[in-house]
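J.: Fold the following, please.
(chains A, B and C)
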Amino acid sequence: MSAEVVWTWVAAGLTLSMFSFLYRDNPFFKLGEHLYVGVTVGYMLTVTWFEYLHPKLWLPLVVGTETGHDWSLLVPAFFGLLVLTRFVPSLAWLSRWSFALLVGFGAGVSIPRYISSNILSQVEGTVVPLWAGHWGAAVTTGVILVGVISTLVYFFFSVEHRGAIRVVSRVGVYFLMVSFGASFGATVMGRNALLFGRFYDLVDFAGARYYHATLVLLAVMVVSLAVWARWAGRGGGSEAPQA
Amino acid sequence: MFLQRQVPLAICFVVGVVFVFQDFVPHHDSEQLLTVFTDWGIIITGFASLLGVGSLIQVHWLHIKRQNAGWGYSVVTYVAMVGTLAAGIASGGKAAPDAQTGVMPAFGWVYNYTMVPLQGTMFAILAFFVASVAFRSFRARSVDSVLLLVAAVILLVGNVPLGEAAWRWVMPEGVPGIADVGDWVMNTLNLAVRRAILIGVALGIVATSLKFILGIERGYLGGGD
Amino acid sequence: MAMSRQVLARREVWAIIGAGVLIPIVFSIPATEVSISKGVQAVYDKVESIPPGGSLLLSFDFDPASKPELEPMGRALARHAFKRGVRVVAMGLWITGTSMAEAIVRESASEFGKVPTRDYTFLGWKPGGYLVIVEMGQDLRKTFPADFNRNPTVGMPVLDGLDSLRDFDYVVSIAAGDPGVEKWVIFGRQKHGFALGGGCTGVIQPGLYPYLQTGQLDGLIPKIRGAAEYELLLRRGHGIPEGLASAGMLSMSFAQLALVGLIVLGNVLHWRSGKGTGR
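T.: From the prediction side, this is the model:
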């Protein structure tokens, strides 16, 4: 039996374990969930070393490259190590210096970029000539203008929503509802696509090439869950998912 | 106290002010300063991301040490983590098959046949919950909910080829396609709302950033301040 | 609500949706063609306009949780570029998606006999999210001293003439969230003015339209449907066979039309029970 077949059985088993949550929280799901956390952390540590710490810090600072050692990296290495003082309660305050540097730098870089990109450019895109040659474009431009203003008014809580403000904010609510509905429609397709992806693999794993891994494991899991449910008792321990 | 509170506030203020103005100084030295600081920022952020991993390891270690309910699962987490790390180190962080032999390293098998299906399925399950919640809760009770419902249905039908075909079959000639209607909803009605939210959030980010720089917002210092 | 619960329990709703997705896969039923949206056409046209030898930066800003939605568009974009002889530089901002992104680029490249470091490179992942974009705008090689296979980026043929983001003919971020397309607009495109396109999941799609209208994004491939559109354009334009996105369109159709039916049924039952009329 090739490595591919063995690992396919693992993948099929783990996929079915996660789907078993649809029945109720159970040991198969818990096992998959904890395995996922462990594998992910192991993967992240590996990639962090090989993709970041080694090429960006260890190699240029400690080992040295063709151009020698980059001693300037002692500065971020120092601040980086200060971050890790969070694990030592008596020294944890030192990590504030690193976070101050990150927060200050992030804030400084963000202010002009957000003003330019998400405020000025967006206002510029809203306040455009209504008439651009045909009625369709004019209607769209007008609707966008009304929608932006009314939604902003709805979220402006510094004044009481009475009279004209109330009417405008009500229009804003209508726009919000349409946007939420559209977002729901888009999200459903996203989730269904993920389901398609997993089902596609399971159908593939059910083939003769993989000794019908999906079907065999599904049968084993159903029997095991039935035994487990009987043993644990209907009311005991794990809850059925709510939704 | 000076080292614990004033120094970090001063660092945040000086660095923040420098980089607000740096954006308006397209001089070579100014750009060089940005390059150096960004590089340092990336390196320090990397250490910060290790904090999360560290506390996760700590939590599961305590579970095992105290033999809390379900501590066996924490052992599974540990074994999986150490195993993946060992496989990763052995393969030099590569999950791809060897270019010459075509042999997949253990790290590749673990990634493609463990992590990918586990993570994928965890999110795929949501498709079921979204459907049952929609069936039980989507009700045309008011003008607001009717608008929400209509927009959702337009997108649900317009996003799929069978829906497009059904619309064309039902609607008379000359009526725009349902996908076009959905596109207009997204590009006009939804756009207006998202733009208002974008502007609002951007104003919030700018205000919070200023509060960080001026030392009014000190959440990053941790407790006690 | 109670009446709809009596007619169909939660697990029956799940069974209907599950069957809708599963049946077309089991019986390999082909889907009908989708119509092409302006956003997808814009990305396609932009890639089409890059001269052979030009450059495309693909940023894979997602992880396995969004694989079925975003992997097909990643493959489609990479295939399009390779088919046209465009140099591909790939990278990722999501750590857990690194190996997946590498596989997408490597496998697509091998379909067209492309050579690593000469025709394409995968630069890998770096921490910091938006900081990576900022630094790439300043100095590409300082951000990535070596690619994923530890080849130094200094002197790498595929990066010839590419020193920062503004040197690329086109940049596309395929994203499932943050950091993703939005950060590429704010911290990359806004300062350096390069051409930027996006690919995205259904969850983040609605939030990207403001950028599309202002031209900060010049095209958008939304969700698996957008990927299916791109695959169709590739078949029509270059004879490249469709991939998984197109294969999934009938599953999407069944599941979504079933959901619409369920929503309508829920409302009918609600109104018949008298609650909708206020009785």
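
J.: residue in chain A nearest to chain C?
T.: Closest to chain C within chain A is residue A:197: 2.6 Å, counting by C-beta to the nearest C-beta. Where C-beta positions appear, they are placed from N, C-alpha and C, glycine not excepted.

J.: Let me see the contact set for that residue.
T.: B:120, B:124, C:67, C:68, C:69, C:244, C:248 (C-beta atoms under 8 Å, 6 or more residues apart in numbering or on different chains).

J.: Which ones among those residues lie within strands?
T.: Assigned to strands by DSSP state E, none of those qualify.

J.: ok, so of the residues you listed, who is nearest residue C:190?
T.: residue C:69 (26.6 Å; C-beta to C-beta).

J.: check contacts around residue 185.
T.: Just so you know, I chose chain A. B:151, B:152, B:153, B:154, B:155, B:156, B:159, B:182.

J.: switch to chain C, that's the one I care about
T.: With C-beta under 8 Å, 6+ apart, residue C:185 has these contacts: A:117, C:196, C:211, C:216, C:217.

J.: which of those residues tops the neighbour count?
T.: residue C:211 (30 neighbours; other C-beta atoms under 10 Å in any protein chain shown).

J.: so which of the contacts of residue C:185 are also by chain B?
T.: The residues of these that also fall near chain B, by C-beta under 8 Å from any C-beta of the partner chain, are residue A:117.

J.: most surrounded residue in the contacts of residue A:197?
T.: For the contacts of residue A:197, the largest number of neighbours (other C-beta under 10 Å) sits with residue C:69, at 33 neighbours.

J.: separation between that one and residue B:124?
T.: As judged by C-beta to C-beta, to the nearest Å, residue C:69 and residue B:124 stand 11 Å apart.

J.: The contacts of residue A:185 also near chain A: which ones?
T.: Restricting the contacts of residue A:185 to those near chain A by C-beta under 8 Å from any C-beta leaves B:151, B:152, B:153, B:154, B:155, B:156, B:159, B:182.

J.: of the contacts of residue C:185, closest to residue B:78?
T.: Nearest to residue B:78 among the contacts of residue C:185: residue C:196, at 42.6 Å, using C-beta to C-beta.

J.: ok, residue C:130 to residue B:72 distance?
T.: 40 Å.

J.: Please apply the same query to residue A:98.
T.: Separation of residue A:98 from residue B:72 (C-beta to C-beta): 37 Å.

J.: between these two, who's got more neighbours?
T.: Neighbours per residue (other C-beta under 10 Å) separate residue A:98 from residue B:72, with residue A:98 holding more: 26 against 14.

J.: so after the host helix or strand of the more buried one, what's the next helix or strand?
T.: Secondary structure assignment for residue A:98, by DSSP states H and E: helix A:95-114. Proceeding N to C from helix A:95-114, the next assigned helix or strand is helix A:121-126, under DSSP H and E.

J.: Helices of the stretch 101-250 of chain C, residue ranges please.
T.: Counting by DSSP state H, counting those that start in this stretch, the stretch 101-250 of chain C has helices at residues C:130-138, C:140-143, C:181-184, C:190-192, C:209-214, C:223-238, C:244-247, C:249-272.

J.: Pipe those helices into TSV and attach distance to chain A and mean pLDDT per row.
T.: Shown next, in TSV, are the helices of the stretch 101-250 of chain C (distance: least, C-beta to the nearest C-beta, whole Å; pLDDT from 0 to 100):
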stretch	distance to chain A	mean pLDDT
helix C:130-138	6	96
helix C:140-143	9	96
helix C:181-184	9	98
helix C:190-192	4	93
helix C:209-214	4	97
helix C:223-238	4	97
helix C:244-247	7	94
helix C:249-272	5	94
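
J.: Quick one, which of these gets closest to residue A:135.
T.: Residue A:135 sits nearest to helix C:209-214 of all the helices of the stretch 101-250 of chain C, at 18.3 Å, using C-beta to C-beta.

J.: Just the buried residues of that closest one, please?
T.: C:209, C:210, C:211, C:212, C:213, C:214 (16 or more other C-beta atoms under 10 Å in any protein chain shown).

J.: Tell me how many other residues surround the nearest residue to the second one once chain neighbours are set aside.
T.: Excluding its sequence neighbours, the residue lying closest to residue C:210 (C-beta to C-beta, 6 or more residues apart in numbering or on different chains) is residue B:195, at 4.2 Å. For residue B:195, the tally of surrounding residues (other C-beta under 10 Å) stands at 26.

J.: and if you look at residue A:233?
T.: Residue A:233 is flanked by 8 other residues according to other C-beta under 10 Å.

J.: Quick one: classify the nearest residue to residue B:121 once chain neighbours are set aside as helix, strand or coil.
T.: Among residues not flanking residue B:121 along the chain, residue A:18 sits closest, at 3.7 Å (C-beta to C-beta, 6+ apart). Of the three states, residue A:18 takes helix under DSSP: H, G, I helix; E, B strand; the rest coil.

J.: tell me which of the ones next to chain A among the contacts of residue A:185 is nearest to residue B:102?
T.: With C-beta to C-beta as the yardstick, the closest approach to residue B:102 among those comes from residue B:159, at 39.4 Å.

J.: how about stretch C:155-174 as CSV, C-alpha atoms only?
T.: Extracted as CSV, the C-alpha positions of stretch C:155-174 are listed here (Å, rounded to 0.1, in the frame of the first residue of the first chain):
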residue,chain,number,x,y,z
GLY,C,155,20.7,38.3,-9.3
MET,C,156,17.6,36.1,-9.8
PRO,C,157,16.8,36.3,-13.5
VAL,C,158,13.0,36.4,-13.0
LEU,C,159,13.3,39.5,-10.8
ASP,C,160,15.4,41.4,-13.4
GLY,C,161,14.2,45.0,-13.3
LEU,C,162,11.8,44.3,-10.5
ASP,C,163,13.0,46.3,-7.5
SER,C,164,9.8,47.4,-5.9
LEU,C,165,6.0,47.1,-6.3
ARG,C,166,5.9,49.9,-8.8
ASP,C,167,8.0,47.9,-11.3
PHE,C,168,5.4,45.2,-11.8
ASP,C,169,3.0,45.3,-14.7
TYR,C,170,0.2,43.9,-12.6
VAL,C,171,-0.3,42.9,-9.0
VAL,C,172,-3.2,40.6,-7.9
SER,C,173,-4.0,39.8,-4.4
ILE,C,174,-6.2,36.7,-3.9
